[in-house]
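In: pasting a predicted model and its sequence here:
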Amino acid sequence: MVRRASWQAWTESSRFKWTEDPIFRLNGRGAFYHIGGEDSMYMKAHKDGLLEIGTYEGAIPHIGEAFFTVDARRQCADFNEAFETMLRAGGKRFLVDMFSGDTPVIPKIEPPSVMEQIKGARQAPRQPGKDAPQKHKSKGGPEL
């Protein structure tokens, strides 16, 4: 639940500005940017120079869960050329968003402590009959 809420907050942070997916970069795959929250546009510059621009749908809880549709694909000489082409395609808005230094803030959601979990379990409503042990009939004797 904690991870899901964090990923949803990250995805939501891209609703009005281009956002980099740092996992794509840190895994050595290139550069991946998206805008629009749950459904919108993306651009990927792969490390081999392949540039993809397209749309995505259903990025909940995070962009990795989305369905991507490639609208344009171009093989560039290398990553640098693909990245430069992506900068030109993104225009002023992309440049401002990338170099504004305004990184999304992910709220840290702490799981409840063990004591809070115990307290919550004790206060939880109980349904009659569900938690009680079931009675078994014995042969030849009275029912208990």
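Out: The structure has been received and is ready for your questions. Predicted, not measured: the structure shown is a model, and the values here were computed from it. Numbering: from 1, shown residues only.

In: show me the contacts for Lys47.
Out: 28-30, 79 (Cβ atoms under 8 Å, 6 or more residues apart in numbering). Any C-beta I mention is one placed from the backbone N, CA and C, and that applies to glycine too.

In: the longest helix seen in the chain: what's the following helix or strand?
Out: When the chain is parsed with DSSP state H, its longest helix is helix 79-99. Helices and strands here follow DSSP states H and E; after helix 79-99, the next one along the chain is helix 114-123.

In: can you mark which positions in the longest helix of the chain are buried?
Out: 79, 82-83, 85-86, 90, 94, 97-98 (16 or more other Cβ atoms under 10 Å).

In: I'd like the distance between Glu20 and Lys44.
Out: 11 Å (Cβ to Cβ, to the nearest Å).

In: does anything pack onto the longest helix of the chain? Which helices or strands?
Out: Helix 79-99 sits against strand 30-35, strand 40-46, strand 50-57, with contacts defined as 3 or more Cβ pairs under 8 Å, 6 or more residues apart in numbering; DSSP states H and E.

In: and those strands as JSON lines, adding mean neighbour count, distance to Met115 and mean pLDDT?
Out: JSON lines is the format used below for those (neighbours: other Cβ atoms under 10 Å; distance: least, Cβ to Cβ, whole Å; pLDDT from 0 to 100):
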{"stretch": "strand 30-35", "mean neighbour count": "20", "distance to Met115": "40", "mean pLDDT": "89"}
{"stretch": "strand 40-46", "mean neighbour count": "21", "distance to Met115": "43", "mean pLDDT": "91"}
{"stretch": "strand 50-57", "mean neighbour count": "17", "distance to Met115": "42", "mean pLDDT": "92"}
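
In: before we move on, the earlier item: and of the buried residues of helix 79-99, the nearest to Ile63?
Out: Of all those, Ile63 sits closest to Asp97, with 15.6 Å by Cβ to Cβ.

In: my guess is the closest one contacts His34. True?
Out: No - using Cβ atoms under 8 Å, Asp97 makes no contact with His34, being 11.0 Å away.

In: what residues are shared contacts of Glu20 and Lys44?
Out: Joint contacts of Glu20 and Lys44 (Cβ under 8 Å, 6+ apart) are 31-33.

In: and those as TSV, adding distance to Arg122?
Out: Shown next, in TSV, are these (distance: Cβ to Cβ, whole Å):
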residue	distance to Arg122
Ala31	50
Phe32	46
Tyr33	48
